[in-house]
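*Asks:* Got a predicted model here, sequence first, then my questions.
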There are 2 protein chains.
Amino acid sequence: MNISNTLQVNRPAVQPIPQPSLKRLPQYHHYLVDMETKGITRISCSAIGRDLGLVPVQVRKDLQYTGIIGKPKTGYSVSELIQAIEKFLGWNNVNEAFLVGVGNLGTALLGHERFSKFGLRIVAAFDTDPAKIGQWIHQKAVLPLDKLADLAPRMNILLGIITTPAEAAQAVADEMVKGCIQAIWNFAPVKLKVPEHIIVHNEDLYSTLASLSWKLARRLGVTVQEKQEKEAV
Amino acid sequence: MNISNTLQVNRPAVQPIPQPSLKRLPQYHHYLVDMETKGITRISCSAIGRDLGLVPVQVRKDLQYTGIIGKPKTGYSVSELIQAIEKFLGWNNVNEAFLVGVGNLGTALLGHERFSKFGLRIVAAFDTDPAKIGQWIHQKAVLPLDKLADLAPRMNILLGIITTPAEAAQAVADEMVKGCIQAIWNFAPVKLKVPEHIIVHNEDLYSTLASLSWKLARRLGVTVQEKQEKEAV
DNA sequence: TGGTTATCGGTATGAATATATCGAATACGT
DNA sequence: ACGTATTCGATATATTCATACCGATAACCA
């Protein structure tokens, strides 16, 4: 903690873009690609904001991080903007990935063709279940997990995707670390213990579900409450 | 925008918990359930923070929103804490949901048994593909989409899940609105246009992928940069 | 050609979130 | 029984992020 803070202070450019901005960039990208197919060549922050439900200033600030420069009155070139985002996110160079855990979700991700457009290519799957090993799912071989640590360095794989149940995730992460994998996309709802230099991103469906059910429950509660308030008036 | 702001001002209790805290609660829940199965009955914020990579103060603040009270020196009762979170998130009362889009991801979600432990029960699936309609997937019937708006009110379904391609998502959302659905969990990478009172939560895999690939690309770049810096010294 | 309007880029303010600090309370060891 | 260490709850500060503002610039129109 102390060490990394010191590093931050010495090199303030380590995190030049806010996380929320970074997460909005793909939204813009989707939208812009859509606009481009519709034949639109130039676009303003106001238009983007209107269609995406964001205030124009925020859009402008987000886009500025990609280094794009716009022109007053006309905005940005759509194609330049798309390229700027792709370059900024590193979607030009393909990241090859291993996926571990060929359950429902793992299978779904293996079959998700569109990832290839965003710099991600899942090249092989792993599992411990003998019934699954040896199968081909969506044109990808399912290999035994214990081969991962050996194969990853040889194939120069830097990214691992974990779609196992929570109980198995840590062991899988350990294997990935052994295989010199640099970044982990973790769909299991556990905090992985990995060396500090490994990048871990968690995709926790339950966290979204939590806000959703909280709001829904509250909504129903509030409705009742409002009714009572009205009656009280 | 003005209206809702005014409402916020008049009733400041509308959003008493920060979104980030809300999203961390399921993490705590997972962790606590895990601890409970290990026979641990009491736990402190320090311990939770250590295992989950958070500072104790943040854990404490998050947990306070659930209304739980702890005791100095020993912390909280694990079982009470679990119940407090579940109650707070509304995971006690089951939300029944319709899912639309029986592709890879939709199928995966239909098969995800664990949702039932978190107050979510997907009761039926919908699609427009005649090849899929009439099938049973993971014990759930696949019905034609145009039946949704009629069935939802009759079955008192308040939650809709969209796992269609981006192009179809808006039309599906429109159907859901017609069916008086209150909340939408949207996996398609588009901004849905719906009436203001509808709760929409987007699950954008690409946004995580974006930060991941950005960091990975940058990591590789930074490594090179550091090497050059060292050589320059 | 000159005024008008929309937009950008930069800076300043404000809101939301995270973290630090402090007194009080409780268990534990001596 | 008393001091010590740990933790809670509450308040205060700091950081991060979102939004508002303002001057400058380029297109559009009269």
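*Replies:* It's in.
*Asks:* what does the helix or strand where A:I82 lies rub up against?
*Replies:* According to DSSP states H and E, A:I82 maps onto helix A:78-89. With C-beta atoms under 8 Å, 6 or more residues apart in numbering or on different chains as the test, helix A:78-89 has contacts from A:25-26, A:28-29, A:32-33, A:35-36, A:40-43, A:63, A:65-68, A:91-92, A:119, B:210, B:213-214, B:217. C-betas here are computed from N, CA, C, even on glycine.
*Asks:* how deep is the closest residue to A:R24 other than its chain neighbours tucked in, by neighbour count?
*Replies:* In this structure, A:R24 finds its nearest non-sequential neighbour in A:D62, 5.4 Å apart by C-beta to C-beta, 6 or more residues apart in numbering or on different chains. Using other C-beta atoms under 10 Å in any protein chain shown, A:D62 is surrounded by 23 other residues.
*Asks:* Could you measure from A:D62 over to A:A47?
*Replies:* Look at A:D62 and A:A47: by C-beta to C-beta, to the nearest Å, they are 14 Å apart.
*Asks:* Kindly report the same for A:Q19.
*Replies:* A:Q19 sits 25 Å away from A:A47, going by C-beta to C-beta.
*Asks:* Which pLDDT value does the model give A:T163?
*Replies:* The model reports A:T163 with a pLDDT of 98.
*Asks:* Any figure for the gap between it and DNA strand C?
*Replies:* Applying C-beta to the nearest atom of the strand, to the nearest Å, the value for A:T163 to DNA strand C is 26 Å.
*Asks:* That residue: what's it in contact with?
*Replies:* A:T163 is in contact with A:99-103, A:105-106, A:109, A:187-188, counting by C-beta under 8 Å, 6+ apart.
*Asks:* cool, and A:K215?
*Replies:* Contacts of A:K215 by C-beta under 8 Å, 6+ apart are B:183, B:199.
*Asks:* Just confirm it is within a strand.
*Replies:* No - note on A:K215: no strand contains this position according to DSSP: H, G, I helix; E, B strand; the rest coil, which reports helix.
*Asks:* Return the distance of it relative to B:I198.
*Replies:* From A:K215 to B:I198 the distance is 11 Å (C-beta to C-beta).
*Asks:* circling back: how far is the host helix or strand of the residue nearest to A:R24 from where the chain is centred?
*Replies:* For A:D62, the host element (DSSP H and E) is helix A:56-64. Its chain's C-alpha centre lies 20 Å from the corresponding centre of helix A:56-64 when counted by C-alpha atoms, centre = their mean, to the nearest Å.
*Asks:* Need the three-state assignment for A:H201.
*Replies:* Assignment for A:H201 (three-state DSSP): strand.
*Asks:* and chain A, what are its domains?
*Replies:* Using automatic domain parsing, the domain parsing of chain A gives A:2-89, A:95-202.
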